[in-house]
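Novice: what follows is a predicted protein model with its sequence.
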Amino acid sequence: MLLKSLKVKNNMEKINLIKAEQQILGFYHSYNGGDLTQLCEAMSLEKEEWEEMVREGMVRYLPQELFEEIKDWVNKK
């Protein structure tokens, strides 16, 4: 990953760079017509990460259908 080679001042700066990378990846993926599970694969989303996002309420904006699609995908990994 590119971010490992970057010189960042602190952890917050690194986190912000990672978020920006994820947003650009998501936009690019959508722009090229990819589906949600392909995006999760491209992001290397792990089951534990998904579960933490759910616990923290970070995915509450997702429609139930998309929530279930991701949930099913991480459980099959």
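Specialist: Thanks, I have it.
Novice: do you know how far the spatially most central residue of the chain is from His29?
Specialist: Taking CA atoms, centre = their mean, the centroid of the chain lies closest to Met43, which sits 5.2 Å from it. Shown here: Met43 relative to His29, a distance of 9 Å by CB to CB, to the nearest Å. No exception for glycine: its C-beta is placed from N, CA and C like everyone else's.
Novice: just Lys14 next, same as before
Specialist: Lys14 is 22 Å from His29, by CB to CB.
Novice: these two - which one has more neighbours?
Specialist: Between Lys14 and His29, His29 has the larger neighbour count (other CB atoms under 10 Å), namely 18 against 14.
Novice: surely the more buried one meets Ala42?
Specialist: Yes - contact criterion CB atoms under 8 Å: His29 and Ala42 qualify, at 6.1 Å.
Novice: please identify the buried residues of the longest helix seen in the chain?
Specialist: As assigned by DSSP state H, the longest helix anywhere in the chain is helix 11-31. Across helix 11-31, burial judged by 16 or more other CB atoms under 10 Å covers His29.
Novice: many thanks, we can stop here.
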